[in-house]
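Peer 1: Below are the sequence and a predicted model; questions follow.
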Amino acid sequence: MQIEFLPGEAWWGGAVCGGVDQPYTAASRCTAQLEQNPTPNQCMPLLLSDRGRWLWADGGFTARFEGGRILCPEEGELGEAAEPTLRGAYLAAMGRHFPPQGAPDRRFFTAPVYNTWIELTFDQTQAGVLAYARGILEHGFAPGVLMIDDGWPPYYGRWRFDREKFPDPAAMLAELHALGFAVMVWACPFITPDTQEYRELEQKGLLVKNSGGEAHIAHWWNGWSALLDMTRPKACAWLKTRLDTLTALGVEGFKFDGGDSLYYPEGGEVSPDAHSRAWAHFGEQYALNEFRVTAGAGGRPLLQRLCDKDHSWGETGLAALVPDALVQGLTGHPFLCPDMIGGGEYQSFLQQDAVDEELFVRWAEAACLMPVMQFSAAPWRVLGPKALAGVKAAAAVRAAWGDYLLETLDACAATGEPMLRPLEYVFPAQGCGAINDQFMLGDRLLAAPLTRKGGGPRRVFLPRGVWQVGGATLQSPGGEHVVTEGECACGGLFLAWRKG
């Protein structure tokens, strides 16, 4: 199939990791691999046009952009919405292929989320978790959802607290609850070989098999492991029984890591993407859930985080947050988290002088009005007093807009529309289609975070209409507005409220 670009047409979608290259235009020369998710983040077999067109294929597809055309397989479904806009294309495609199924737990959205990974890495301990939680409160941050990350069980597949590291997990969970935290723990579909669990699951035929019918051993970031076959109801029941023991103890939800298509074998009974979807489907039963990677899971009630970003200003770090988050929303993953503040690559935080304080603050400003704001590196450990105050100011902005954020969440759960939207989605045909460093939260709040080191003048596209900026009212004819320091809600975050 060859799809000719219409004059001035632009397309979005596919792999969330490709946000910095979008929108695709007639000048684009690239390939979007959507046949099987090759990325560590979300992917949907979907492309959307700002002229109301959309392209979908149930089994995925590869799209080549060249010479003002999109080249894709004949089995792709090209649809056209009644409303010839990006919003029209999204609503038509969503209604047909990924209707909304609800939302994750509201506690993700009412306060910052905290994760122990960067502070404790693989040395998760009862003492360390409690110290981190107490530090949150002692340094003036509000309690919220707290995730205990990888390293709490003895090994993968034995889903119980390591008694050497956690001598009294029930007491720890009780204290965390008393401090005001909801508690999640990290989980994965991997099973450590040569263990009791591995032998049991292999004998019962509940491990993923390769094309030769043997248990598949995947090489993932923590070594070599087998995989629980979540396409089998008995495997799901096996894991559910073990997680039920944890919820009875006081754990309220799970960070479902792994599930990357690239760790599953080709040529098995089902495709790698089908295994990835089965892992996501299992996690839906827990309202407190988090996923970093899914394949074809648009419309599901899942908190979906951007994959680990570098502690950098470039397109593998801060500069990718807004572009990738916009694609997350447009591909049916509206309950998004822009990675851990400062970046999820923990090596950057092992030494105090390795942290760029300005970058950390700008990250907090960019994240504070996205659906979920998540800390991992303790700001009080890695920042000086001035930068710490800047991060607290960003958290205060989130608190001030909390009611509107929840209003947007409820509308999103009901309609399926993204919480976080490109300007083109809300203001079609105003010349803002190429803008991917600003976003709308719902239809009324415009946010333009500063993502360049060193600050300086920030030019913001302000669509036509009447806007409230701080204490001033602006009538914009549609075009660039040069932001002054006094107009920023805090530091480098410009906000404008659409009136009328």
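Peer 2: Noted; the coordinates are in hand.
Peer 1: Where do the helices of this structure begin and end?
Peer 2: Secondary structure of the chain (DSSP state H): helices at 86-97, 107-110, 117-120, 126-138, 169-178, 196-203, 233-249, 272-283, 321-330, 357-367, 379-382, 385-400, 402-415, 423-426.
Peer 1: Just name the most buried of these.
Peer 2: For the helices of the chain, the largest average neighbour count (mean count of other CB atoms under 10 Å) is found in helix 321-330, namely a mean of 27. The C-beta positions use only the backbone N, C-alpha and C, and glycine is treated the same way.
Peer 1: Identify the residues contacting stretch 325-332?
Peer 2: Residues outside stretch 325-332 that contact it (CB atoms under 8 Å, 6 or more residues apart in numbering) are 12-16, 18-19, 22, 42-44, 46, 48, 86, 90, 94, 98, 297-299, 304, 306, 334, 336, 338, 370, 416, 418-422, 425, 436, 439.
Peer 1: which residue lies farthest from the center of the protein?
Peer 2: Here the chain reaches farthest from its C-alpha mean at residue 203, the gap being 36.4 Å by CA atoms, centre = their mean.
Peer 1: sorry, back to before: export the helices of the chain to a markdown table and tack on mean pLDDT?
Peer 2: Output for these, formatted as a markdown table (pLDDT from 0 to 100):
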| stretch | mean pLDDT |
| --- | --- |
| helix 86-97 | 98 |
| helix 107-110 | 98 |
| helix 117-120 | 96 |
| helix 126-138 | 98 |
| helix 169-178 | 98 |
| helix 196-203 | 98 |
| helix 233-249 | 98 |
| helix 272-283 | 98 |
| helix 321-330 | 98 |
| helix 357-367 | 97 |
| helix 379-382 | 95 |
| helix 385-400 | 97 |
| helix 402-415 | 97 |
| helix 423-426 | 98 |
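Peer 1: Save those as TSV, and put in distance to residue 467 too.
Peer 2: TSV is the format used below for those (distance: least, CB to CB, whole Å):
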stretch	distance to residue 467
helix 86-97	20
helix 107-110	25
helix 117-120	37
helix 126-138	35
helix 169-178	42
helix 196-203	58
helix 233-249	46
helix 272-283	39
helix 321-330	19
helix 357-367	19
helix 379-382	31
helix 385-400	17
helix 402-415	15
helix 423-426	13
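Peer 1: Looking at these, spot the one closest to residue 38.
Peer 2: Residue 38 sits nearest to helix 272-283 of all these, at 9.8 Å, using CB to CB.
Peer 1: tell me what that closest one is packed against?
Peer 2: Applying 3 or more CB pairs under 8 Å, 6 or more residues apart in numbering; DSSP states H and E, we find helix 272-283 packed against helix 233-249, strand 253-256, strand 289-291.
Peer 1: Looking at these, which is nearest to residue 227?
Peer 2: So among those, helix 233-249 is nearest, using CB to CB, at 9.7 Å.
Peer 1: What is that closest one packed up against?
Peer 2: Short answer (3+ CB pairs under 8 Å, 6+ apart): helix 233-249 packs on helix 169-178, helix 272-283.
Peer 1: returning to that earlier point: would you list the helices and strands packed on helix 272-283 in JSON lines and tack on distance to residue 329?
Peer 2: As requested, the helices and strands packed on helix 272-283 are exported to JSON lines (distance: least, CB to CB, whole Å):
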{"stretch": "helix 233-249", "distance to residue 329": "29"}
{"stretch": "strand 253-256", "distance to residue 329": "21"}
{"stretch": "strand 289-291", "distance to residue 329": "15"}
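Peer 1: closest one to residue 350 among the helices and strands packed on helix 233-249?
Peer 2: helix 169-178 (25.2 Å).
Peer 1: packing partners for the closest one?
Peer 2: helix 126-138, strand 182-187, helix 233-249.
Peer 1: Show me just the buried residues among the contacts of stretch 325-332.
Peer 2: Neighbour counting over those (16 or more other CB atoms under 10 Å) leaves 12-16, 18-19, 22, 42-44, 46, 48, 86, 90, 94, 98, 297-299, 304, 306, 334, 336, 338, 370, 416, 418-422, 425, 436, 439 as the buried ones.
Peer 1: so what pLDDT did residue 269 get?
Peer 2: Model confidence at residue 269, given as pLDDT, is 86.
Peer 1: Please name the residues that touch it.
Peer 2: 209, 231.
Peer 1: Which ones among the buried ones among the contacts of stretch 325-332 map onto strands?
Peer 2: 12-15, 43-44, 46, 48, 304, 336, 420-421, 439 (DSSP state E).
Peer 1: Residue 147 contacts residue 182, doesn't it?
Peer 2: No - using CB atoms under 8 Å, residue 147 makes no contact with residue 182, being 9.7 Å away.
Peer 1: Give the full set of residues in contact with residue 491.
Peer 2: 361-362, 365, 390, 393-394, 450.
Peer 1: cutoff 7 Å now
Peer 2: Contacts for residue 491 (CB atoms under 7 Å, 6 or more residues apart in numbering) come out as 361, 365, 390, 393.
Peer 1: From residue 38, how far out is the residue nearest to the last one when sequence neighbours are not counted?
Peer 2: Read that as residue 393. Counting by CB to CB, 6 or more residues apart in numbering, residue 490 is the residue found nearest to residue 393 once chain neighbours are left out, at 4.0 Å. Residue 490 sits 38 Å away from residue 38, going by CB to CB, to the nearest Å.
Peer 1: Those two - which one has more neighbours?
Peer 2: residue 490 (21 against 15; other CB atoms under 10 Å).
Peer 1: Who is that one paired with across the strands?
Peer 2: As for beta bridges, residue 490 partners with residue 493 under DSSP bridges.
Peer 1: residues touching residue 56, list them.
Peer 2: Here residue 56 is in contact with 45-46, 76-77, 93, 97 (criterion: CB under 7 Å, 6+ apart).
Peer 1: 8 Å - rerun?
Peer 2: Contact analysis of residue 56 by CB under 8 Å, 6+ apart lists 45-47, 76-77, 79, 93, 96-97.
Peer 1: quick one: pLDDT of it?
Peer 2: For residue 56, pLDDT reads 97.
Peer 1: can you count the residues close to the closest residue to it other than its chain neighbours?
Peer 2: Here the nearest residue to residue 56 in space, its sequence neighbours aside, is residue 77; by CB to CB, 6+ apart that works out to 4.8 Å. Applying other CB under 10 Å, we find 15 residues neighbouring residue 77.
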